[in-house]
Structure formats: structure tokens, C-alpha cells
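A.B. asks: sequence unknown, structure follows:
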């Protein structure tokens, strides 16, 4: 699976974890140069608190386009620190 935005590959892995139709990419598959920590946090009733990244490519920013769970609930422990995408990021095989 690949995550692509603005012509750049953000993540690439054959080992994603699918939860609620979202592919969560393992931390070592992320191209960190395209990620900037965001102050945004949301709460999922069963996964816990999500943290977000802004995605930055060629000077363009896609605010809060990636999220992850640094301390997920026991039910979601398989996605700890894995990154998922939305807001126009294409996830394809």
C-alpha cells in the first residue's frame, strides 16, 4: 500500500493494519520529511486519543491529513504509532 499526496509518496508498506476501512501504516514506512506534528487531538470511543500530523509537500500543507494513536486502548493496540490518512491523501495498492 502507498499513501500519496501532491505527487509525493508519504508512506509505503505491505504491512498495513486495516481498521474501520482505514489503512494504518507502520511507523518505519513513513517518509518523515513530509510530516509536521499538529496540536490537534480527537477521541475515539474505543481506540482512544488520536494525535495528528500536517502533511507538507513542496511548500503546500494539508492540515491534519494524517493521524495516529500513541497510546491506544487495549482493543486497538495493534495500531500503536501507525499512521492513517484522509483529506485527499490517496491510499492505493
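C.D. replies: Looks like it arrived, so ask away. What you see is a predicted model, and the numbers here were worked out from it, not measured in a lab.
A.B. asks: and residue 13, how far is that from residue 6?
C.D. replies: With the distance defined as Cβ to Cβ, to the nearest Å, residue 13 ends up 20 Å from residue 6. Where you see a C-beta, it was placed from the backbone N, CA and C, and this is true even at glycine.
A.B. asks: okay, these two: which has more neighbours?
C.D. replies: Taking neighbours as other Cβ atoms under 10 Å, residue 13 and residue 6 compare with residue 13 leading, 19 against 16.
A.B. asks: so what's that one up against?
C.D. replies: 1, 25-26, 29 (Cβ atoms under 8 Å, 6 or more residues apart in numbering).
A.B. asks: Highest neighbour count among the residues you listed?
C.D. replies: Most surrounded of these: other Cβ under 10 Å gives residue 25, at 26 neighbours.
A.B. asks: Quick check: pLDDT value at that one.
C.D. replies: Residue 25 is assigned a pLDDT of 98 by the prediction.
A.B. asks: Ok, the one 10 residues further on next?
C.D. replies: Taken from the predicted model, the pLDDT recorded for residue 35 is 98.
A.B. asks: does residue 52 sit in a helix, a strand or a coil?
C.D. replies: strand (DSSP: H, G, I helix; E, B strand; the rest coil).
A.B. asks: neighbours around it, how many?
C.D. replies: 20.
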